[in-house]
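Peer 1: Next come a sequence and a model predicted from it.
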Amino acid sequence: MRRRAVAVVPVVIGALALSACAPDRTPSDPLLVGDELVAPSPAASPPSSSPAGTVLPLDGPARALALDTTTRTLAVAMDGKEIRLFSVDDPQAPPRVVAVPDKVSSLSPAGDGALFAAVPSANALVRVDLRTGATEQTTVEGAPSGATVVNGQTVVSLRNRNAVAVLNGGKVAREVTGFFAPTAVLPGGAGDALVLDINRTALLEVKVAEGTVGSAIRAGDGATNAVTDRFGRALVVDTRGGELLAFSTGPFLMKQRFPVAGTPYGIAYDTKRDLAWVTLTERNEVVGFHVAGGEPVEKHRFPTVRQPDSVAVDPDSGRVFVASADREGIQVVQP
């Protein structure tokens, strides 16, 4: 049965006494979905069979993927101490290699032709200039796991501190507590940030200027990844529950939940075609959903490389890039 548009009212948790130091379950927390806080993970994929498009070889697993339209660069975080920068327009050309202190957990836009690479084991947030390959490293204690820019300030999720830091000039200006396992950080509405808490499987508003947590909404049974679309919504993958969720930010509500079989995990959004590309790790597939209407509508479905944990899309050409976490390379598909 299809689950159509819904409206779920957020919980205001800024005044609740939530532990920011230990991930033990708090009985008064209305957002928890079970007795144990266990983050979901992608399914172990079967062997791949005839991936669509072209596959570019890699000599190792890919951990994260990001595409910058300003510099026409596809960034691939490898399972080691490097990020490889490919040309979006000529992806078969040899990539540039950028050294980082350790394994990267996420890549996210930093604006002006740059991206953030979160390096948890080194307590580092690395800003990579995609034009030059130059890096600027900021030490942020607490295992950074994601970052975004809100009103000129960098907002960083800290997995080991169960908190979010707001940076000014490369220094921590304030720290916001009230999380269990913050990961993805997205720009929200009215100068807010949206933070995905994967242990609590919830989406939370952070009032960046005030340094407080605002409202929060349950995000399915086991959310893992999220992006924003051109309507200001957060599109969230519920990996454990097998759904694609959409949240508005003004007001802060769950607007849609749509079933997606096959253990969905990676997500990317095409701003020109309103397509949300979701990888299905149980099936080695990627699906393109049109998300501008009242509910998602499937428009494309392609077989992928094995273990398609990461996906990116070029809105100019519509090409989709899928990275294998099992050494099968980068797949390039033109829908």
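Peer 2: Sure, I can see it.
Peer 1: I'd guess F231 is in a strand, am I close?
Peer 2: No: counting by DSSP: H, G, I helix; E, B strand; the rest coil, F231 is not part of a strand but coil.
Peer 1: Can you give me every residue that contacts it?
Peer 2: Residues near F231 by C-beta atoms under 8 Å, 6 or more residues apart in numbering: S248, A292. (Each C-beta comes from the backbone N, C-alpha and C, glycine too.)
Peer 1: quick one, phi/psi of it?
Peer 2: Dihedral angles of F231 (phi, psi; degrees, to the nearest 10) stand at phi -90, psi 0.
Peer 1: heads up, I number from 48, so please use that
Peer 2: Will do, 48 is the new start, and the previous item becomes F278.
Peer 1: residues near the residue nearest to T101 when sequence neighbours are not counted, how many?
Peer 2: Spatial nearest neighbour of T101, chain neighbours left out: V379 (4.7 Å); criterion: C-beta to C-beta, 6 or more residues apart in numbering. Residues near V379, counting by other C-beta atoms under 10 Å, number 21.
Peer 1: what's across from V379 in the sheet?
Peer 2: T101, F368 (DSSP bridges).
Peer 1: Quick one: residues contacting it.
Peer 2: Going by C-beta under 8 Å, 6+ apart, the list of residues near V379 reads G100, T101, V102, L103, P138, R366, V367, F368.
Peer 1: Now for the residue lying closest to the first one once chain neighbours are set aside, how many residues are close by?
Peer 2: The shortest distance from G100 to any non-neighbouring residue, by C-beta to C-beta, 6+ apart, is to V380 (3.7 Å). As a burial measure, the neighbour count of V380 was computed by other C-beta under 10 Å and equals 23.
Peer 1: again with P141
Peer 2: Using other C-beta under 10 Å: P141 sits among 9 other residues.
Peer 1: Dihedrals phi and psi, it?
Peer 2: The phi/psi pair for P141 (degrees, to the nearest 10) is phi -60, psi 130.
Peer 1: hmm, back to that, roughly how far does the residue nearest to T101 sit from P142?
Peer 2: From V379 across to P142, the span is 13 Å (C-beta to C-beta, to the nearest Å).
Peer 1: measure the residue nearest to L105 when sequence neighbours are not counted to G217 for me?
Peer 2: Nearest residue to L105, sequence neighbours excluded (C-beta to C-beta, 6+ apart): G376, at 4.6 Å. Counting by C-beta to C-beta, the gap from G376 to G217 is 36 Å.
Peer 1: again with T186
Peer 2: Taking C-beta to C-beta, one finds T186 at 9 Å from G217.
Peer 1: Likewise for R206?
Peer 2: For R206, the distance to G217 - C-beta to C-beta - is 20 Å.
Peer 1: more crowded one of these two?
Peer 2: R206 (23 against 13).
Peer 1: Just the buried positions in stretch 367-382, please.
Peer 2: Of the residues in stretch 367-382, 367-373, 375-380, 382 count as buried by neighbour count, 16 or more other C-beta atoms under 10 Å.
Peer 1: Pull the contacting residues for T248.
Peer 2: L78, V80, P87, R265, A266, G267, D268, G269, A270, D285, R287.
Peer 1: Which of the residues you listed has the largest number of neighbours?
Peer 2: Highest neighbour count within the contacts of T248: A266, with 30 neighbours (other C-beta under 10 Å).
Peer 1: shaky segments in this protein?
Peer 2: Along the chain, the model assigns pLDDT under 70 to residues 48-84.
Peer 1: mind running it again at 80?
Peer 2: 48-85 (pLDDT under 80).
Peer 1: Bridge partners for L291, pull those for me.
Peer 2: Assigned bridge partners for L291, using DSSP bridges, are V284, F305.
Peer 1: ok, it touching A308?
Peer 2: No: at 11.1 Å, L291 does not count as touching A308 under the criterion of C-beta atoms under 8 Å.
Peer 1: For the two, indicate the residue with more neighbours.
Peer 2: Higher neighbour count among L291 and A308: L291, with 24 against 12, using other C-beta under 10 Å.
Peer 1: In contact with the residue nearest to G100: list those residues for me.
Peer 2: For V380, the contact set (C-beta under 8 Å, 6+ apart) comprises A99, G100, V333, F349, R366, V367, F368, V369.
Peer 1: same check, this time on P382
Peer 2: G335, K346, H347, F349, G365, R366, V367.
Peer 1: Widest-spaced pair of those?
Peer 2: K346 and R366 (14.8 Å; C-beta to C-beta).
Peer 1: which one of the two has more residues nearby?
Peer 2: Each of K346 and R366 has its neighbours counted (other C-beta under 10 Å); R366 has more, 21 against 15.
Peer 1: S97: how many residues sit nearby?
Peer 2: 6.
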